[in-house]
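Participant: From the sequence below, what's the structure:
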Amino acid sequence: MLKVGLTGGVACGKTTVGQMFVARGAHLTEADQIARELMHPGAPVYEEVVRRFGHEILNPDQTINRQALANVAFGAGRVRELNQVVHPAVIHEQERWMAELAAGDPEGVAIVEAALILEAGVGKRFDRLVVVTCRPEQKVERFAARHQMDEAGARAEVERRSAAQLPDEEKARSAHFVIDNSGARAATEAQVERVWTELKWQAKAGSGRRAPGAGKISAKD
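Facilitator: Have a look, this model is predicted:
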């Protein structure tokens with residue numbers, strides 16, 4: 001089975017691209033969704049996060065308010081501390097998920113969507129890395145639309161979150177495939193189709209091999 005990491009900057013469209021791969025037959029899990037499940041009340045990660053960051057991050061029903069947690073972590077410069085609590089548990093669940101898939105679909109493609117693959121130093125866990133990019137202004141527009149925020153608030157939040165990530169250009173340099181999600185959906189679909197063809201070939205032939213004539217796929221191709 002081919003293990004693929006799918007990453008990119010804030011609001012670049014990782015989820016959109018991930019669903020395009022799913023439509024073509026890929027298996028997909030999202031690190032953010034795993035983290036949500038691990039932070040349900042009673043879970044060990046929940047207990048540790050509340051112990052470290054305080055009860056002010058909780059909703060009245062005792063669930064974690066993710067925006068309040070983000071405000072505390074980013075505002076106090078404690079993002080790294082939060083990641084040290086959450087990341088190991090998320091990675092463990094990802095590994096368990098991929099192992100189960102490999103047993104049932106040895107020639108399949110398993111994709112893990114996660115924003116901080118490179119920042120967490122876990123890029124080598126994957127056979128291939130796909131990075132999604134878009135123009136800086138699009139990040140603000142998309143974030144504002146997704147969270148129903150005004151442009152100023154969205155820009156501040158995008159800048160705050162981006163400060164905890166590597167620049168898109170650096171992510172792209174580490175990628176096997178770069179998908180530019182700046183244009184029309186059809187243009188993104190075309191890139192995804194090309195990458196998918198390559199990934200499926202590699203999954204069948206072995207992760208160490210590449211299709212004849214293949215190179216890094218990027219917006220310039």
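Participant: Please put the alpha-carbon coordinates of the worst-scoring helix or strand of the chain on mean pLDDT into CSV.
Facilitator: Taking mean pLDDT, DSSP states H and E as the measure, the chain has helix 66-75 as its least confident helix or strand, at a mean of 90. The C-alpha trace of helix 66-75 is given here as CSV (Å, rounded to 0.1, in the frame of the first residue of the first chain):
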residue,chain,number,x,y,z
ARG,A,66,-11.4,24.8,19.7
GLN,A,67,-11.4,28.5,19.0
ALA,A,68,-10.8,29.3,22.7
LEU,A,69,-8.0,26.7,22.8
ALA,A,70,-6.5,28.2,19.6
ASN,A,71,-6.7,31.7,21.2
VAL,A,72,-4.8,30.5,24.3
ALA,A,73,-2.2,28.4,22.4
PHE,A,74,-1.4,31.0,19.7
GLY,A,75,-1.9,34.1,21.9
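Participant: What pLDDT is listed against the residue lying farthest from the centre of the chain?
Facilitator: Distance from the centre of the chain peaks at Pro60, with 29.4 Å (CA atoms, centre = their mean). Pro60 is assigned a predicted lDDT (pLDDT) of 97.
Participant: for the record, mean pLDDT for the lengthiest helix in the chain?
Facilitator: The longest helix of the chain (DSSP state H) is helix 79-104. For helix 79-104, mean pLDDT rounds to 95.
Participant: can you check stretch 124-131 too?
Facilitator: So the average pLDDT for stretch 124-131 ends up being 96.
Participant: next structured bit after the longest helix of the chain?
Facilitator: strand 109-113 (DSSP states H and E).
Participant: those helices in this structure, which residues are they?
Facilitator: Counting by DSSP H, the helices of the chain are 14-23, 31-38, 44-53, 66-75, 79-104, 136-147, 151-162, 168-173, 185-205.
Participant: So which of the ones you listed is nearest Val112?
Facilitator: Nearest to Val112 among the helices of the chain is helix 79-104 (5.3 Å), distances taken as CB to CB. Where you see a C-beta, it was placed from the backbone N, CA and C, and this is true even at glycine.
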